[in-house]
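Asker: coords please:
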Amino acid sequence: MTEKVVVIYSGGMDSFTVLNRALKDGKEVYALSFDYGQRHVKELECASEVCKQLNVPHKIIDISAINELLAGSSLTDDIEIPEGHYEEESMKSTVVPNRNMILLSLAVGYAVSVGAAQVYYGAHSGDHAIYPDCRPEFVMKMNDVCQIANYEPVEIFSPYLEVSKTAILTDGIAMGLDYSKTWTCYNGREKACGKCGACQERLEAFADNNATDPLAYED
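Answerer: Next comes the predicted model:
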């Protein structure tokens, strides 16, 4: 019997690769996306279109009401999006308090309801410096909790936890993935800005792979 898994799918390039990795691994995938009040929904639109094309069951859950509790992030509040590389101190303004713990908890609940054994989650080493909830110790502790939180244990599985965005893209290119079906930019304009940390890390990954990013950029 094919093993069921839930994939947390934002519509960005990392989760797009994770989704396809799960499919390549032979899993029966249930994709789960969240509207948590982020600045734009372009990623969610990409996620919806990809799941239709792949015939993958997909839910987009509106949890935007949590922003009454989670203030202070430039991804959800009226705070200017910082420009520059992720390593810079200013990028910490993009942290949404406790976001991934909340999303993982909801995904685990969904996994129990559909009989899935795993939740696939796209954390990677490039996020470790800025985002505490993408670090291996967080993922391991969450996995421990999710083994005992329900009668049915659910594994938190992060296939790219110890590798960079460059390596994620390398795997995606090897799978023949089309990254024009993703959106990474923190801004939701017609073209990607090319200046925010998300864009810069994405462009670096394509450069490291001697590949051309299919997205259109403002600069």
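
Asker: The closest residue in space to E204 that isn't next to it in sequence: which element?
Answerer: Spatially, and ignoring its direct neighbours in sequence, E204 is nearest to T166 (7.1 Å; Cβ to Cβ, 6 or more residues apart in numbering). (Each C-beta comes from the backbone N, C-alpha and C, glycine too.) T166 belongs to helix 165-174 when assigned by DSSP states H and E.

Asker: check contacts around the closest residue to H58 other than its chain neighbours.
Answerer: Leaving out its chain neighbours, the residue that sits closest to H58 by Cβ to Cβ, 6+ apart is C51, at 3.6 Å. C51 makes contact with 9, 31, 57-58, according to Cβ atoms under 8 Å, 6 or more residues apart in numbering.

Asker: Same check on L32?
Answerer: The contact partners of L32, taken as Cβ under 8 Å, 6+ apart, are 6-9, 58-59, 61, 106-107, 110.

Asker: Show me which pair in these is furthest apart.
Answerer: Using Cβ to Cβ, the pair of the contacts of L32 lying farthest apart is H58 and L106, separated by 14.7 Å.

Asker: okay, the two: which has more neighbours?
Answerer: H58 (20 against 17; other Cβ atoms under 10 Å).

Asker: where does this structure dip in pLDDT?
Answerer: 70-96, 126-130 (pLDDT under 70).

Asker: Tell me where it has helices.
Answerer: 13-24, 42-54, 99-114, 136-148, 165-174, 197-208 (DSSP state H).

Asker: tell me the most buried of these?
Answerer: helix 13-24 (a mean of 23; mean count of other Cβ atoms under 10 Å).

Asker: tell me how far it is from the chain's mean position?
Answerer: Relative to the centre of its chain, helix 13-24 is centred 10 Å away, using Cα atoms, centre = their mean, to the nearest Å.

Asker: cool, stretch 133-148 as well?
Answerer: That offset, for stretch 133-148, works out to 16 Å (Cα atoms, centre = their mean).

Asker: With stretch 153-166 instead?
Answerer: With Cα atoms, centre = their mean, you get 11 Å for stretch 153-166.

Asker: Just the endpoints, please. Distance across that stretch?
Answerer: 32 Å (Cα to Cα, to the nearest Å).

Asker: From L177, how far off is the closest residue to D178 other than its chain neighbours?
Answerer: Nearest residue to D178, sequence neighbours excluded (Cβ to Cβ, 6+ apart): P214, at 7.2 Å. Here P214 is placed at a distance of 11 Å from L177 (Cβ to Cβ, to the nearest Å).

Asker: So for these two, which sits in the more crowded spot?
Answerer: The residue with more neighbours, out of P214 and L177, is L177; 19 against 11, by other Cβ under 10 Å.

Asker: Please verify my assumption that that one contacts R21.
Answerer: No: in this structure, L177 is not within contact of R21 by Cβ atoms under 8 Å, at 9.6 Å.

Asker: re earlier: out of the contacts of L32, which one sits closest to N100?
Answerer: Nearest to N100 among those, with distances taken as Cβ to Cβ, is I8, at 8.6 Å.

Asker: Now do the contacts for that closest one.
Answerer: 15, 18, 32-34, 103-104, 107, 119-122.

Asker: For the residues you listed, give me a markdown table that also has distance to N67.
Answerer: As requested, the contacts of I8 are arranged in a markdown table below (distance: Cβ to Cβ, whole Å):
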| residue | distance to N67 |
| --- | --- |
| S15 | 21 |
| V18 | 25 |
| L32 | 19 |
| S33 | 17 |
| F34 | 12 |
| L103 | 14 |
| L104 | 18 |
| A107 | 19 |
| V119 | 23 |
| Y120 | 26 |
| Y121 | 22 |
| G122 | 22 |
